[in-house]
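Undergrad: Please find the sequence and the predicted model below.
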Amino acid sequence: MEVYGFELSHGQEILTAIWVDNSLGDIDFEENAIWVGWQISRDLYGDSHTHFFTYWTRDAGQTTGCFNMKCPGFILTDGSIIAPWGIINPVSDVDGARHKITIKVFEIHYGFNDAPKAVGYYPANIFNKVSKGATRMSFGGNSGAINLAPPPMGSGLLPSIISDKSASNEEISLVNEDGKLGPFNVDTVKEETTSSCYAMTPIFGERGARCLYGGPGGCVTSTKLMSPPY
C-alpha cells in the first residue's frame with residue numbers, strides 16, 4: 001500500500017484502508033468491521049501528518065467502536081514498531097520516490113511492514129460476528145470534508161495503467177485457514193461515488209494482484225473494491 005501526504009485543513013480527511021467485516025444481518029445496525037491503513041485528519045490527530053490507523057465497531061458505528069485506541073478495544077503488543085495514531089514517514093512523492101507499507105490482517109493479528117511481531121490485536125469478545133469469520137473484505141480510499149471541498153485521494157491523480165504516478169495497492173492476497181498467503185482469486189465489485197473525482201481500476205497483474213486508485217478531489221467521497229458478501 002503506497003503512502004502519501006497532503007496538507008489538509010480542519011474538516012478535511014482522507015484515508016486508504018483495508019476493511020474486513022461481517023455484514024450478515026442488518027448492515028446498518030449489526031455490521032462488525034475492522035479497518036486498518038493510513039489516514040490524514042487534523043480533527044483526529046491535531047496535525048496534517050500521515051498516520052497509521054485502526055478502527056473497529058460491532059454495530060456499524062452506532063454505539064460501539066472507535067479509531068485507534070480512543071476507546072477500549074485495540075490492544076498494543078509490547079515492542080510494536082508502531083502504534084495506531086503513529087506517524088508514517090517518509091511518504092511518497094508523486095514525482096519521485098514511492099514509499100509503501102505492508103499490512104496483514106489475520107483473525108486477531110496485525111502485521112506492519114515485515115515485522116515478525118504483531119502490532120496488536122482486537123480481543124474476540126468485543127465482536128459478535130467477525131470474530132467467527134469475515135464475510136467481506138474491501139480496499140481502497142475515502143475522502144471527505146465538512147463545509148470544504150473534499151481533498152485528493154491516493155496520489156491526487158486519477159488512476160491510469162499507462163502512468164507511473166497513480167497510487168497503488170499491490171500484492172493483494174488472501175490469508176487461508178493455515179495463516180498462509182494465497183492468491184486473491186475472488187470476484188470483486190467496484191464502488192465509486194463520483195468517478196470524475198475519484199476512481200479505481202479493476203485488479204490486474206499476473207505476479208500479484210494490484211489495483212490503482214485515487215483522484216484530485218472536489219466531490220464526495222469514496223472508491224472501493226469489495227469482495228461480495230458470502
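TA: Yep, that arrived. Just so it is clear, the model here is predicted, and its values are computed rather than measured.
Undergrad: Now residue 104: which helix or strand?
TA: Here residue 104, judged by DSSP states H and E, is contained in strand 103-105.
Undergrad: which other helices and strands contact that strand?
TA: Packing contacts for strand 103-105, counted by 3 or more Cβ pairs under 8 Å, 6 or more residues apart in numbering; DSSP states H and E, involve strand 12-22, strand 32-41, strand 110-112. All C-beta atoms are positioned from the backbone trio N, CA, C, and that covers glycine.
Undergrad: Just list what the first one packs against, helices and strands only.
TA: For strand 12-22, the elements it packs on are strand 32-41, helix 42-45, strand 103-105, strand 136-145, judged by 3+ Cβ pairs under 8 Å, 6+ apart.
Undergrad: what about residue 216, distance to residue 2?
TA: Using Cβ to Cβ, to the nearest Å, we find residue 216 at a distance of 17 Å from residue 2.
Undergrad: neighbours around residue 128, how many?
TA: Neighbour count for residue 128, taken as other Cβ atoms under 10 Å: 15.
Undergrad: The residue lying closest to it once chain neighbours are set aside: what's it in contact with?
TA: Once flanking residues are discounted, residue 128 sits nearest to residue 58: 5.7 Å by Cβ to Cβ, 6 or more residues apart in numbering. Counting by Cβ atoms under 8 Å, 6 or more residues apart in numbering, residue 58 touches 32, 64-65, 126-130.
Undergrad: let's see it at 10 Å
TA: Counting by Cβ atoms under 10 Å, 6 or more residues apart in numbering, residue 58 touches 22, 30-33, 64-65, 73, 122, 126-131.
Undergrad: Among the residues you listed, which one sits closest to residue 95?
TA: residue 33 (35.3 Å; Cβ to Cβ).
Undergrad: Show me the beta-bridge partners of that closest one.
TA: When assigned by DSSP bridges, residue 33 has beta-bridge partners residue 21, residue 57.
Undergrad: ok, it touching residue 62?
TA: No - contact between residue 33 and residue 62 fails when scored by Cβ atoms under 10 Å: they sit 11.9 Å apart.
Undergrad: Neighbour count: those two, which is higher?
TA: Between residue 33 and residue 62, counted using other Cβ under 10 Å, the more crowded position is residue 33 (24 against 12).
Undergrad: Now that we're looking at that one, what pLDDT does it have?
TA: For residue 33, the model assigns a pLDDT of 91.
Undergrad: how far away is it from residue 69?
TA: 17 Å.
Undergrad: Same question for residue 86.
TA: As judged by Cβ to Cβ, residue 86 and residue 69 stand 11 Å apart.
Undergrad: same deal with residue 134?
TA: Separation of residue 134 from residue 69 (Cβ to Cβ) stands at 22 Å.
Undergrad: List the residues that contact residue 11.
TA: Applying Cβ under 10 Å, 6+ apart, one finds that residue 11 lies in contact with 41-43, 144-148, 150-151.
Undergrad: So residue 134 and residue 69 - more neighbours on which side?
TA: residue 134 (21 against 15).
Undergrad: surely residue 70 meets residue 85?
TA: Yes - counting by Cβ under 10 Å, residue 70 touches residue 85, with 8.7 Å between them.
Undergrad: what do the two both touch?
TA: Contact with both residue 70 and residue 85 is made by residues residue 44, according to Cβ under 10 Å, 6+ apart.
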